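>>> Let me see the structure of the following:
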Amino acid sequence: MNINPNKTLLLIVDVQNDFCPGGALAVNEGDAVVAPLNGLANALSAKGGRVAATQDWHGQDHCSFTHWPVHCVKGTKGADFHPNLDLNPVTLIIRKGFRQELDSYSAFFENDSCTATGLEGCIKQTNIETVIIGGLATDYCVLYSAMDSRRLGFNTIVISDAVRGVGLPEGSIEKAIETMKSNGIEFRTSQEILDIL
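Residues are numbered from 1 along each chain as shown. Presented below is the predicted three-dimensional model:
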């Protein structure tokens, strides 16, 4: 595996208070992704790479609240990024799920699979070839983002120690990982990636 830092994007997915311990839709050990993501973001940025982050950003009566607890309501503390996440290397923030009747798991498209978030256009303009993904949650927003990244033609790597999953329904994390791997998405530890940057 070779990575050209100048053509690489680190995509930090939904590392927000509501998805971390104590939040409205907490992922078990969700805050454990922060340290490896900070390390990678700073290392990649220092070598000319790009760092983007997504933020779930829902209205008060968002359609997803019929399926999930009320979470990441725009302007609330729950929607804020985790306080320990270093945003200094982040040059692009994509807010998703703000359309009232349309949820958005992927960083690239809303759940109708055709309404673009704008991420693809932004990174293609900067000649990105490789997208490295970490964040929350493995079996939902990370899965959908990685699959879209691969479908759009980017080399796609998921950081194995910088993702955590919801686990609903049972077995969903394992199924998501299997699906990603079978579609050519690589899994590497943050240290493995740091070693080749």
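>>> in the longest helix seen in the chain, what's buried?
For the chain, the helix with the greatest residue count under DSSP state H is helix 34-46. By neighbour count on 16 or more other C-beta atoms under 10 Å, the buried set for helix 34-46 is 34, 36, 37, 38, 39, 40, 41, 43, 44, 45. Bear in mind the C-beta positions are built from the backbone N, C-alpha and C, glycine included.
>>> Of those residues, which is the nearest to residue 111?
Of all the buried residues of helix 34-46, residue 111 sits closest to residue 37, with 24.5 Å by C-beta to C-beta.
>>> how far away is that closest one from residue 99?
27 Å (C-beta to C-beta, to the nearest Å).
>>> buried ones in the helix-or-strand element of the chain with minimal mean pLDDT?
Across the helices and strands of the chain, mean pLDDT, DSSP states H and E gives its lowest value to helix 119-124, namely a mean of 91. Neighbour counts using 16+ other C-beta under 10 Å place 119, 120, 122, 123 of helix 119-124 among the buried residues.
>>> Using JSON lines, lay out those residues together with distance to residue 154.
Formatted as JSON lines, the buried residues of helix 119-124 follow (distance: C-beta to C-beta, whole Å):
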{"residue": "119", "distance to residue 154": "11"}
{"residue": "120", "distance to residue 154": "9"}
{"residue": "122", "distance to residue 154": "13"}
{"residue": "123", "distance to residue 154": "8"}
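>>> Residue 194 reaches residue 40, doesn't it?
Yes - counting by C-beta atoms under 8 Å, residue 194 does reach residue 40; the two are 6.6 Å apart.
>>> who are the neighbours in contact with residue 156?
130, 131, 132, 133, 146, 149, 150, 184, 185, 186 (C-beta atoms under 8 Å, 6 or more residues apart in numbering).
>>> This completes my enquiry, with thanks.
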